[in-house]
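Visitor: sequence below, structure please.
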Amino acid sequence: MLAAHRAGRISCAILDLTRYEIGNVLIGALRWRPADVASQLDDLAAICPAIEATPADLRLAAQLASRHKLTFYDAAYAAVARERDAILATTDGRLLRAHLGTRPAVIASRLGSGA
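Guide: Numbers count the residues shown, from 1 in each chain. From the prediction side, this is the model:
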């Protein structure tokens, strides 16, 4: 996916909440040093601009959360992607079962095949 982005075949964006989620994983689960976390988040910002959910996104998130029994937080990712006609790359089982996201490996495979 990164190679396709660098080649200009796809564009990437993240929900503004993603920075906090990644920071938590790097600090907590992976025990990275603070300077390394900051560097990683700088790199992420250079590759994927952060976008903020709009009121329309949040209305859709509420509908998706209710319909698919998702957390509002997870539904917000799906709503932002759907409102922008984008593919949500996720490994979250609930989002995948609700057909609101696609596994990164599947996306990468499609990119490799030129799809």
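
Visitor: CA only for contacts and neighbour counts going forward, please
Guide: Will do.

Visitor: okay, strands next: where are they in the chain?
Guide: Secondary structure of the chain (DSSP state E): strands at 14-15, 50-51.

Visitor: run the chain-centre distance for the lowest-mean-pLDDT helix or strand in the chain.
Guide: Each helix and strand of the chain was given a mean pLDDT (mean pLDDT, DSSP states H and E); the minimum falls on helix 2-6 at a mean of 77. Distance of helix 2-6 from its chain centroid, counting by Cα atoms, centre = their mean, to the nearest Å, is 16 Å.

Visitor: next, Thr91: phi, psi?
Guide: In terms of degrees, to the nearest 10, the main-chain angles of Thr91 are phi -110, psi 10.

Visitor: show me where pLDDT drops low in the protein?
Guide: Scanning the chain for pLDDT under 70 picks out 1, 113-115.

Visitor: buried sites along stretch 39-49?
Guide: For stretch 39-49, burial by neighbour count (16 or more other Cα atoms under 10 Å) applies to 40-41, 44, 47.
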